[in-house]
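A.B. asks: give me the fold of what follows.
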Amino acid sequence: MNILFLPKLLPRADIIGGPILIYHRIKNLSLMGYKITVIAPAYTEQDLKDRSLEPYCERIVRVPSVRERPQQEVDELYKRLNRPRFFLTGDGGFCQGIEDALKLTFKEKHIDAIIAEYSMMGQYIEANYESIPADTITIISVHECYTKAFKLRAEKGEDISEDTIEELFAYEFKMYERADKILSLTQEDADILTSYSPELKNKIRVVPHGVDTNFYTPSEENVWKRNTKNLLYIGNYQHYPNVDAVKNFIGHCWDKILKQVPDAKFYAIGFNPPQELLELRSKCKNVIVQEGGDNENVRRIYWKSDVFVAPIALGTGFRGKLLEAMVCGLPVVATSLATFGINPTNEENMFVADDFSVFSDYVTALLKDIKLRKKVSEGGLTLARKFDHKHAAEKLALVLKEDRGSG
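C.D. replies: Below you'll find the predicted structure:
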């Protein structure tokens, strides 16, 4: 079976977040015998040079792209393409080169299924749905419902108009209607989609991402004994919910934790931290904000920490970082939003709290009590091992084998 992937970022083995999750999705499907073609934007020299995906693909088309466009160019595209500005800039923003490569690929070979990874890339399915061969299954993998995400941001005070949200809703769900199948990472996300458009119910399949258990499991035993008092949060900070999570932790939790554990340190690590986070290093005691580096470095950062915190209050989707932390032996304290798709038992697999005062108490208790860290670490590891990437790929393969019209 020939599958064409359209990811909004080039899947690579050395990057945290979405790109490596999709990398494993492609890798495992390839090992199962699927023939993979990838068309992806290339934003950096590393994207152009990276070879980690090549063993698993018949062809990779890297399209040189720009992440941000001048406002005038965005406005011109907005008038010409008649789609929300959100789809025209940033990661996965419209690129004529990707559209051209897509059309050329369909001329050159038969594609059995096309998977747009992230709804942002669903715009190419929507724009070309009449010209895509009738026997090609079209799939949009929804990592986040944009309409819901924008509503949450507006409710939290961001200047987003109701007209902007309505325009986004109309286009986002038009894309989903055009597709044959919709992949959701969690049941919670599937429920959000059907709350906006009940008729999508028969199209949606819940296919979670997973974790590379072999890569993240530390070689040393009893990692919960580190006792360094290091707290960790990891994220791609171009995705605003990650910025918001760090601000939540500093604003609502950090002072309370320091009063109980004065030598605690908080590390906010990840891709492209903005200035407002970098400034926390001088404003807040024992706060370290820095670029994350490659996946190997991030793994070592996990291994050198004691507790992983996920004070996430915006966005939806599946947080693979929680699974990575759990496989690394870290006890996790998270909001309920952060746990979508993982379904932990509170105080057994991790601590879950939406009240940040309670959240802080959980973190403090873990920092002070090695036996408690051991208990929660072991419970988390048991749960995380059920989410190995191989299992996630097997679920996706079952969807690909379904009859086009089944539902």
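
A.B. asks: not counting sequence-adjacent ones, nearest residue to residue 242?
C.D. replies: residue 235 (3.1 Å; C-beta to C-beta, 6 or more residues apart in numbering). To be clear about C-beta, it is placed using only N, CA and C from the backbone, and glycine gets the same treatment.

A.B. asks: host element of that neighbour?
C.D. replies: strand 230-236 (DSSP states H and E).

A.B. asks: tell me the first helix or strand C-terminal of the helix or strand harbouring residue 41.
C.D. replies: Of the helices and strands defined by DSSP H and E, residue 41 is found in strand 35-42. As assigned by DSSP H and E, the chain's next helix or strand after strand 35-42 is helix 45-49.

A.B. asks: what pairs with whatever helix or strand comes next after that following helix, parallel or antiparallel?
C.D. replies: As assigned by DSSP H and E, the chain's next helix or strand after helix 45-49 is strand 59-64. Looking at strand 59-64 with DSSP bridges, its partner strands are strand 35-42 (parallel).

A.B. asks: can you give me how far the strand it pairs with is from the chain middle?
C.D. replies: A distance of 18 Å separates the centroid of the chain from that of strand 35-42, by C-alpha atoms, centre = their mean, to the nearest Å.

A.B. asks: got the CA positions of it in CSV?
C.D. replies: Provided in CSV are the C-alpha atoms of strand 35-42 (Å, rounded to 0.1, in the frame of the first residue of the first chain):
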residue,chain,number,x,y,z
LYS,A,35,5.5,2.2,1.0
ILE,A,36,5.9,5.7,2.2
THR,A,37,6.2,9.0,0.4
VAL,A,38,6.7,12.3,2.3
ILE,A,39,6.1,15.9,1.1
ALA,A,40,7.2,18.3,3.8
PRO,A,41,8.3,21.9,4.3
ALA,A,42,12.0,22.4,4.9
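
A.B. asks: list the neighbours of it that are in contact with it.
C.D. replies: With C-beta atoms under 8 Å, 6 or more residues apart in numbering as the test, strand 35-42 has contacts from 1-11, 26, 29-30, 47-48, 53, 56-65, 92, 95, 98, 101-102, 105, 109, 111.

A.B. asks: got the buried residues for the lowest-mean-pLDDT helix or strand in the chain?
C.D. replies: Scoring the helices and strands of the chain by mean pLDDT, DSSP states H and E places helix 295-303 at the bottom, with a mean of 81. Neighbour counts over helix 295-303 (16 or more other C-beta atoms under 10 Å) mark 295, 298, 299, 301, 302, 303 as buried.

A.B. asks: so how far is that helix off the chain centroid?
C.D. replies: Offset of helix 295-303 from its chain centre (C-alpha atoms, centre = their mean): 18 Å.

A.B. asks: which helices and strands does the helix or strand that that helix is followed by pack with?
C.D. replies: Using DSSP H and E, the helix or strand that follows helix 295-303 in sequence is strand 307-310. Applying 3 or more C-beta pairs under 8 Å, 6 or more residues apart in numbering; DSSP states H and E, we find strand 307-310 packed against strand 230-236, helix 320-327, strand 332-334, helix 356-368.

A.B. asks: CA atoms only: put strand 307-310 into CSV for me.
C.D. replies: In CSV, the C-alpha atoms belonging to strand 307-310 read as follows (Å, rounded to 0.1, in the frame of the first residue of the first chain):
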residue,chain,number,x,y,z
VAL,A,307,9.8,15.5,38.8
PHE,A,308,8.1,16.4,35.5
VAL,A,309,5.4,19.1,35.7
ALA,A,310,2.7,19.7,33.0
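
A.B. asks: just give the nearest non-adjacent residue to residue 288, would you?
C.D. replies: Nearest to residue 288 is residue 267, by C-beta to C-beta, 6+ apart, at 4.8 Å.

A.B. asks: now for the one you found: which residues touch it?
C.D. replies: 230, 231, 232, 233, 288, 289, 290, 301, 305.

A.B. asks: one more: residue 402?
C.D. replies: With C-beta under 8 Å, 6+ apart, residue 402 has these contacts: residue 181.

A.B. asks: any idea how far residue 205 is from it?
C.D. replies: Using C-beta to C-beta, to the nearest Å, one gets 8 Å for the distance from residue 402 to residue 205.
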